[in-house]
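Colleague: here is my input; please provide its structure:
(chains A and B)
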Protein chains: 2
Amino acid sequence: MTTRADNPSSVGVVEPQTLHVDGPMPLDCGKQLTQFDLVYETYGTLNADATNAVLICHALSGNHHAAGYHRDDDTKPGWWDKCIGPGKMIDTNRFFVVSPANLGGYNGSTGPGSAHPDTGRHYGPDFPVVTVADWVRSQDILRAALGIEQWSAVIGGSLGGMQVMQWAIDFPNRLRHAVVIAAAPKLSAQNIAFNEIARQAIVTDPEFHGGRYYEHDVVPRRGLMLARMLGHITYLSDEAMRAKFGRDLRDGRISYGFDVEFQVESYLRYQGASFVDRFDANTYLLMTKALDYFDPAHAHGGDLAKAFAPVTARFMVISFTSDWRFAPARSREIVDALVDAGKQVSYAEVTSDLGHDDFLLTMPHYVNTLRAYLDRAAREIGA
Amino acid sequence: MTTRADNPSSVGVVEPQTLHVDGPMPLDCGKQLTQFDLVYETYGTLNADATNAVLICHALSGNHHAAGYHRDDDTKPGWWDKCIGPGKMIDTNRFFVVSPANLGGYNGSTGPGSAHPDTGRHYGPDFPVVTVADWVRSQDILRAALGIEQWSAVIGGSLGGMQVMQWAIDFPNRLRHAVVIAAAPKLSAQNIAFNEIARQAIVTDPEFHGGRYYEHDVVPRRGLMLARMLGHITYLSDEAMRAKFGRDLRDGRISYGFDVEFQVESYLRYQGASFVDRFDANTYLLMTKALDYFDPAHAHGGDLAKAFAPVTARFMVISFTSDWRFAPARSREIVDALVDAGKQVSYAEVTSDLGHDDFLLTMPHYVNTLRAYLDRAAREIGA
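Modeller: The predicted structure is shown next:
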């Protein structure tokens, strides 16, 4: 029987692996984890001199399962399967792709749903606030454990792109290329406002129980659903919503009531409801806080060029014209600061329709640009 | 003692009045109200031939109290007090200004919190869905009751501007001027999406009790708070949020926690919490549905110019450059359709910073434009 995983452009069936780290992991918040797990997947083969490794950093709702399938009969592949695989934009015939789930996550890496080693109870609200820099430090431990001296590239979209910048700043010698897609050098007040409303939706849900909902055998469904619905407004452009739904009525006519009437309502409710079954509310809180706090220029009086001073990696920055969450102007701030700092940077502004989530897709201009960039990166290392 | 109400540019202390209407009021939804009250305020004096009356139509969170004070020691004047008063943009020395609260409201006009005449219980979720056209029909009953043949002008911002358009379409001979500020000919899918999330926040609040919270002596605070916070994101421009809050931390430093950290969070929580004390959740649901349904072109195959065919009023359309809820392009759709229909229309696009709520304020270009327009309207009637 031919399965989806047999598709020659798929990485096939993959099995998550776990790195267990003993010993303290200090965090920016001043607390530490006495031990932690990082779950990750790899696609492709590490070459003999370990130079062809690429790190994928995931965004708010992502995880380690970026490509392929977990079982032969899986219907849904990993979150970036369109772009990672044999012959794809991130070509696993040439690169050894490493995709970890971040600390604070919900399905493998240590997070609020994990057992606290001292008590055996869920961390819940006691899980420390983690930052982008904390994630990058933990990913560097994974790098060393895999025997990789230097990533050929670190690649990420959105919150993933922020991790890429932090890598280039904090571990300049550990990556040759930094690929920052649909990101921003810090959140705007409006971005923070959206996050704050999402958090309030979660923490005011009576089933949140101060973050200890695991022990009550419930989840704050309503709050998490609202948070996800709100997220979707920022992921899709106004134009995309117009093209996708217009003002179409689900049943063709106004019913003058409060059931679902417009297609867009139906879409949002579905997105919200299905998210609840696969995501953790405490993780959502942690991810949005990491977004809010990210601001590498802050320690340099707001001067992003100064923050980029240690960078040795070459940068590829990509933005999407219809992205209003992190609009092209935000990417140009990154590019301008890199130029001011005398760094090497390429920039592509991809004409797009769908908004922020375009980074997950495969518009030809996007794919061709990044493929060409990574082709040069591969040739440098003979891959 | 000099009070705020003694200020010569204030209309002073005003007393709401109530029009009680017996007899059925048929509604677009197919239901009817067997009787209803409209509460309203008036400012200025009706002239002898009753030609100087101006109708103010309020927006989502508005009511009849548009100007002046309810008591001498009131600290807060009506919602449009900056623009209505002796010598102000809408000059009560010349015009007799009528400001009703819409059906479905929460503090005087018949709404979900009113007693159902058949049962004596709160209407609650049984209050029928009302449309912009229903409101305009009820306002026309008020017009007749006040002995006014024709409004000199009907004026409104946002949802109020939609009522102005509906007036000009449905009762063309009843108004000379139509002033549409910061409005749109219909909501976009994105606008509907924001409304839907606000509604979901309210109806999923356990204290909503299917809309019968009055009988449980609670209000769906959390849901209404979230709805208002979300509204505020759309009322303020990204630039305004940046100017107002930037990424300023309330206590000057990151605390790595989930209490209020950024100023914008503090602002939103305050706005959300204070709204709960003065607004009704069922009214919020009704107002957002009226917004979603408004689409005068719908009955004309989407051709707005055809919808405007009956119009005889002259139009003044005003938009604000920083308004992203109803951007200038949406106002230009109105203007273009009026021009296509061969109607008289003036248009001003006011450079602004704050966003949608700019229509409540007094930027010189805005005030001068509308004042000049209304000056001509006043002179036509010798006021």
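Colleague: list the contacts of A:D49.
Modeller: Neighbouring residues of A:D49 by CB atoms under 8 Å, 6 or more residues apart in numbering or on different chains: there are none. From N, CA and C alone the C-beta is placed, and that goes for glycine too.
Colleague: in a strand, it, correct?
Modeller: No: checked against DSSP: H, G, I helix; E, B strand; the rest coil, A:D49 lies outside a strand; its state is coil.
Colleague: for the residue in the stretch 251-383 of chain A that chain B sits nearest to, give me its contacts.
Modeller: Closest contact between the stretch 251-383 of chain A and chain B, by CB to the nearest CB, is at A:Y256 (3.7 Å). For A:Y256, the contact set (CB under 8 Å, 6+ apart) comprises B:28-30, B:128-129, B:289, B:293.
Colleague: low-confidence ranges in chain A?
Modeller: Within chain A, the segments meeting pLDDT under 70 span A:1-5.
Colleague: can you list the domain ranges for it.
Modeller: According to automatic domain parsing, chain A comprises the domains A:4-186+A:296-380, A:192-288.
Colleague: grab the longest helix from chain A for me.
Modeller: helix A:364-380 (DSSP state H).
Colleague: tell me which residue is most central in chain A.
Modeller: Residue closest to the mean C-alpha point of chain A, counted by CA atoms, centre = their mean, is A:A59 at 1.4 Å.
Colleague: thinking that one is in contact with A:M162, fair?
Modeller: No: between A:A59 and A:M162 there is no contact under CB atoms under 8 Å: 9.1 Å.
Colleague: between these two, which contacts overlap?
Modeller: Counting by CB under 8 Å, 6+ apart, the residues touching both A:A59 and A:M162 are A:G156.
Colleague: what parts of the stretch 101-250 of chain A come near chain B?
Modeller: Residues of the stretch 101-250 of chain A lying close to chain B (CB under 8 Å from any CB of the partner chain) are A:128-129, A:186-190, A:192-194, A:196-197, A:199-201, A:203-206, A:222, A:225-226, A:229-230, A:232-233, A:236, A:238, A:241-242, A:244-247.
Colleague: which ones among those are found in helices?
Modeller: Per DSSP H, these map to helices at A:189-190, A:192-194, A:196-197, A:199-201, A:203, A:222, A:225-226, A:229-230, A:232-233, A:238, A:241-242, A:244-245.
Colleague: circling back: distance check, the residue of the stretch 251-383 of chain A closest to chain B against B:K289.
Modeller: 8 Å (CB to CB, to the nearest Å).
Colleague: find residues that contact each of the two.
Modeller: Looking at what touches both A:Y256 and B:K289 (by CB under 8 Å, 6+ apart), the common residues are B:V129.
Colleague: hmm, the strand ranked longest in chain A in reach of chain B?
Modeller: Identified as the longest strand of chain A according to DSSP state E is strand A:32-43. No: Strand A:32-43 stays clear of chain B (CB under 8 Å from any CB), getting no nearer than 12.9 Å.
Colleague: relative to that strand, what are the paired strands and their orientations?
Modeller: Pairing partners of strand A:32-43, with direction, according to DSSP bridges: strand A:17-26 (antiparallel), strand A:96-100 (antiparallel).
Colleague: need the nearest residue in space to the residue of the stretch 51-200 of chain A found nearest chain B, chain neighbours excluded.
Modeller: Closest contact between the stretch 51-200 of chain A and chain B, by CB to the nearest CB, is at A:A189 (3.7 Å). Excluding the flanking residues, the one nearest A:A189 by CB to CB, 6 or more residues apart in numbering or on different chains is B:M241, at 3.7 Å.
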